[in-house]
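[1] got a structure for you, letters missing:
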């Protein structure tokens, strides 16, 4: 056994049978598969490829723009790429926080970049272009009109809304990752449920995640 | 390898968690300078995450080595004001005893050190955890 710490096996079996310790044990899961990730983004093993999983290269004289409505996955993509390339990540909140000058680096991530004041954005992009950096932005507004005149190679990604098929794939992947080894798990999202959740969520992964979290909690309380 | 046991899996707010720690006589155990056990709660679900360590106890080298002959007992106090274990539809409050081992550094080659440097830190808490339930008094 390569674990450094061994916990009592009697308590271990209690974890599976004690509904207060882990109500999800009754449906063969370690926990709710749809818990929200912290600030670090989606863990590698839970990532579902939507066609843009590979990060842009650093020092590519490139401006990569990820657009989409709230909850469509802009931040998740930026953080997933940053997990591959490193580099600074700057989130621009509404209010005075947006006055911070963007980080300049071989590859840099500016989230909610449409909140950066235009003079700051122009200066930071011009500087990045001169030194040949790659700038990746998450934005609600098209910023190509600032980047193109500066001579960047521009890549534009328009994230589509979540649909039932993608939701089913995502849910199955998450459920599989949360399964207790050797346990039976019957939790599966039907086509009808996926369609209803995708519609209620209005294309937002974040909102769909909340509905699925409730759905899994219901299933665990009435196995 | 350290063996950690709790006397029970259910405790009351304001009560005390009792358990034992036993270390084998392996070479690996001799590298452990100290083991810190802490009672912690954390939230899990759809909102912002929150967590806190409420009490801690540290066992030092001599105690750890003695535990090879006889398990060493430990106790951790739980706060009166909670929180208590909660399993809701949107979030959970989970209590755990976490174990943090302070080990003598093992010498690594420059290549291994560089490989460690390149590893992406997911921010996940990798300390071993033993969950337990806290009920209202």
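    Done, it's in. Worth saying up front: this structure is predicted, and the values here are computed from it rather than measured.

[2] C-alpha from now on. contacts and neighbour counts both.
    Will do.

[3] what's the helix or strand for residue B:93?
    strand B:91-103 (DSSP states H and E).

[4] Direction included, what does that strand pair up with?
    If you go by DSSP bridges, strand B:91-103 pairs up with strand B:32-45 (antiparallel), strand B:86-87 (antiparallel), strand B:129-135 (antiparallel).

[5] I'd like the ones you listed as CSV, with mean pLDDT appended.
    Shown next, in CSV, are these (pLDDT from 0 to 100):
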stretch, mean pLDDT
strand B:32-45, 91
strand B:86-87, 93
strand B:129-135, 91
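
[6] Go through these and pick out the most buried.
    Ranked by mean neighbour count, these are led by strand B:129-135 with a mean of 22 (mean count of other CA atoms under 10 Å in any protein chain shown).

[7] Mind putting the strands paired with strand B:91-103 into CSV with distance to residue A:175?
    CSV is the format used below for these (distance: least, CA to CA, whole Å):
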stretch, distance to residue A:175
strand B:32-45, 15
strand B:86-87, 19
strand B:129-135, 21
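
[8] contact partners of the host helix or strand of residue B:54?
    Assigned by DSSP H and E, residue B:54 falls within strand B:51-60. With contacts defined as CA atoms under 8 Å, 6 or more residues apart in numbering or on different chains, strand B:51-60 is touched by B:33-43, B:74-79.

[9] how about a cut-off of 10 Å?
    B:21, B:32-44, B:72-79, B:82, B:93-102 (CA atoms under 10 Å, 6 or more residues apart in numbering or on different chains).

[10] so what does the following helix or strand past it touch, helix or strand wise?
    Where DSSP H and E defines the elements, the next helix or strand beyond strand B:51-60 is helix B:61-66. If you count contacts as 3 or more CA pairs under 10 Å, 6 or more residues apart in numbering or on different chains; DSSP states H and E, helix B:61-66 packs onto strand B:16-23, helix B:27-30, strand B:32-45, strand B:72-77.

[11] Any idea which of the ones you listed gets closest to residue A:174?
    strand B:32-45 (14.1 Å; CA to CA).

[12] Give me the angle between the closest one and strand B:51-60.
    Orientation of strand B:32-45 against strand B:51-60 (axes from the mean of the first three to the mean of the last three CA atoms, to 10 degrees) gives an angle of 170 degrees.

[13] Quick one: distance of strand B:32-45 to the chain centre.
    Put simply, strand B:32-45 sits 3 Å off its chain's centre (CA atoms, centre = their mean, to the nearest Å).

[14] cool, stretch A:137-156 as well?
    Distance, stretch centre to chain centre, for stretch A:137-156: 22 Å (CA atoms, centre = their mean).

[15] any idea of the mean pLDDT in it?
    Averaging the model's pLDDT scores along stretch A:137-156 yields 95.
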